[in-house]
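A.B. asks: give me a model of this one.
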Amino acid sequence: MSGVSDLVVEIGTEELPYAAQAPLALALANGLEKALGERGLTPADVTPYWGPRRLAVVAAAVPGVEPDRPVERRGPSFKVAFDGEGRPTKAAEGFARSAGVAVDALETLEVPEGKWLVHRYTEKGRPAAEVLADMLPGLATSLPLPRRMRWGSGDAVFLRPVRWLLARLGRDVIPFEAFGLTAGGDSFGHRVHHPGAVAVRKPAEYAERLAAARVMADPEARFIAVRDMVDGAARGIDGVPAPTSTELYTEIAGMVEWPVAVTGGFERRFLELGEAVVVTTLAHHQRLVPVRGADGALTNHFVAVVNLASRDPEAVRHGLERVVRPRLEDAEFYFHRDLKRPLGDHGEELEGLGFAPRLGTMAEKGRRVAPLAARTAEALGQDRETVAAARRAGELAKCDLVTGMVFEFPELQGVMGGIYARRGGEPDAVADAIAEQYRPAGSDDALPQTAAGTALAIADRLDTLVGCFAAGLEPTGAKDPFGLRRAAFGVLRIAAETPAGLDLGPLMQAAADGYRDGPDAVRTLPALTDFLRERLRSLLLDGGRSADVVQAVLAVAPLAPREVLARAEALSGFRKRPEAGALAAANKRIANILRQAGETADSVQPAGAAEGAEATLEKALATARTRMDTLAADDFGGALEVLAELRDPVDRFFDEVLVMDPDPAVKARRLTLLASLRKAFLEIADVGELQGTGAES
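C.D. replies: Okay, here's the model as predicted:
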């Protein structure tokens, strides 16, 4: 086959978990594109498709034939290939025979090790169809499966049973074999609306042919259709979808091939359970979208997206409602049963609930978190009442873990604790803090909105981080079973956006003190500090700060995210000034001088009065120090503006002054001056780390 042709490859399966669909389809597409490229068959474009019953790739304009390629095959060395009189040995003759040429047609390869016989020839490229027939079985059977299963009596394994294979290059079928099947030229349509084969005679028409068979193969188009259908159905009952995550729509889109929206409802009494309970029951457990009314309040309606355009929508609606009602009744039962006991009474049951290996029980965690939450509230500058609320919230924070509602609906941990605390007469500040303790649950989630909630959220995470590092449970590679990376990002986000600012160092020490009867937490604090700094570095870089600014700030700043952000912002502005390049270079030079001088400045008493450029710099630095002392402690931009004015005296000093003077006392005096200058900059950032500053450009 010459020219170019489109290619389609599809693996048809039983229903795949939605979370595995995209990773597997992308792995298939990337693997195919890479393998084709390695053989000189690079396609013009590669488009992955996925859904509940298929993983597919369409590659556009695949060359029909591999390019010819030169081949060099090395034979025996001359020492082995020829005897003492220069006649070919059996080794040479055998090599020539295997190459299909005469000995005198072989060429010579000279390398430092000596001379070798070599056969050089051009290997004709194979047709793409042959290459694909060899390539596709390995690609299909080597996808990164999260788990494997067998089916039938064969040895094939995949995430779900494979029912058909499709492979066409242009109009030609590539009959590769995998999973006990031979690929053909047909796909299959919707399980109900079009259960038969769908001939895909042109790969470019793959999505179009499936659409005619009631299958939306394009995942993005299916997602948009689901979202728009839900919006339209909600408007049809004078409502709007309740706030739902993109993940819910993605999951729904991964469960249907031909989405159809249906509305349903439930008894209004279930709304008394609270919005969080109803939304969790509908969205997380039933993949239904709750509906709000025009006033913003949750209604007793929902929108479902089903995989069937039924002739009897009412039957579908009633079926959905029959499924929803028992789940809401379960929630109602546990809700009222849990309310029969005050939230604090569940604390005894926490004694039997483990926290983590070597770290005791949830009851012990609560006893550590309560004082740490109070300490955190104090560090945030909160009043006595808020500090007390944070402590009380810490005492009750984990009690809802052993309630019936949270046991049945784990997604509601924290939320139910807040509801039960308020129903039990706890102050609003305590109830709100308990409900907010797990925020932010992800990168896009809201932060705690109350002072006590902020303190508890930080304390809970720090206790987990410190304890897990002490117990040797820190993340390794892609494994993070205790969610420590997520906990670290949560702490840093909260601390970075808390107006009061927070130095995490003392709080980490306080958290470590809480493990006095457990593993040695203090010993692992340096490793945890490095771990948090790396996460903070990522947050700064993701926020658009340059790598050298981030390095300059993190080299000297305490583990205080809000302060680090302020320093980085000030330094980003400073680096644009014309003085920045010279002062960055000077700081780097000073650091090198002081490092090479070692202990000279400390071992010899400085003596004599400075003169000339040295005196000028000394006076300018003293003036700068005085001006900096009048600035607010967090006015890093103002401090850098003051230090920027030292450029001229610094330049003159290095032009006119010999730092390493033969007189030890004079040298010590000058080293002391440079150390003071360096210290002034280090109070903000290590300016010597800056690259490509304004003056250097």
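A.B. asks: mind splitting the protein into its structural domains?
C.D. replies: Following automatic domain parsing, one gets these domains for the chain: 4-66+127-212, 70-123, 219-338, 346-543, 565-696.
A.B. asks: comparing the ones you listed, which comes out most buried?
C.D. replies: Ranked by mean neighbour count under mean count of other CB atoms under 10 Å, these are led by domain 346-543, which reaches a mean of 20. Where you see a C-beta, it was placed from the backbone N, CA and C, and this is true even at glycine.
A.B. asks: average pLDDT for the helix or strand harbouring Val316?
C.D. replies: Element membership for Val316, per DSSP states H and E: helix 313-338. The pLDDT scores in helix 313-338 average 94.
A.B. asks: and that helix, what does it pack against?
C.D. replies: Counting contacts by 3 or more CB pairs under 8 Å, 6 or more residues apart in numbering; DSSP states H and E, helix 313-338 is packed against strand 260-265, helix 275-279, helix 285-286, strand 298-306, helix 404-408.
A.B. asks: so which elements touch the helix or strand just after it?
C.D. replies: Proceeding N to C from helix 313-338, the next assigned helix or strand is helix 362-379, under DSSP H and E. Counting contacts by 3+ CB pairs under 8 Å, 6+ apart, helix 362-379 is packed against helix 384-396, helix 451-470, helix 504-513.
A.B. asks: with only the CA atoms kept, save helix 362-379 in CSV.
C.D. replies: The C-alpha trace of helix 362-379 is given here as CSV (Å, rounded to 0.1, in the frame of the first residue of the first chain):
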residue,chain,number,x,y,z
MET,A,362,-8.5,8.2,66.7
ALA,A,363,-9.2,9.0,70.3
GLU,A,364,-5.5,9.6,70.8
LYS,A,365,-5.4,11.8,67.7
GLY,A,366,-8.2,13.8,69.1
ARG,A,367,-6.3,14.3,72.4
ARG,A,368,-3.3,15.6,70.4
VAL,A,369,-5.3,17.8,67.9
ALA,A,370,-7.4,19.7,70.5
PRO,A,371,-4.5,21.5,72.2
LEU,A,372,-2.7,21.9,68.9
ALA,A,373,-5.8,23.6,67.4
ALA,A,374,-5.9,25.9,70.3
ARG,A,375,-2.2,26.7,69.9
THR,A,376,-2.7,27.3,66.2
ALA,A,377,-5.6,29.7,67.0
GLU,A,378,-3.3,31.6,69.3
ALA,A,379,-0.6,31.8,66.6
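A.B. asks: how far out from the middle of the chain is that helix?
C.D. replies: Remark: helix 362-379 is offset 29 Å from the chain centroid, using CA atoms, centre = their mean, to the nearest Å.
A.B. asks: relative to helix 451-470, how tilted is that helix?
C.D. replies: Using axes from the mean of the first three to the mean of the last three CA atoms, to 10 degrees, the inter-axis angle of helix 362-379 relative to helix 451-470 is 120 degrees.
A.B. asks: on that earlier part again, kindly reformat the domains of the chain as TSV containing distance to Ala557.
C.D. replies: Formatted as TSV, the domains of the chain follow (distance: least, CB to CB, whole Å):
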stretch	distance to Ala557
domain 4-66+127-212	38
domain 70-123	54
domain 219-338	34
domain 346-543	9
domain 565-696	6
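A.B. asks: before we move on, back to that, quick check, distance from the helix holding Val316 to the centre of its chain.
C.D. replies: Centroid displacement of helix 313-338 relative to its chain, using CA atoms, centre = their mean, is 36 Å.
A.B. asks: equivalent analysis for stretch 348-357, please.
C.D. replies: 30 Å.
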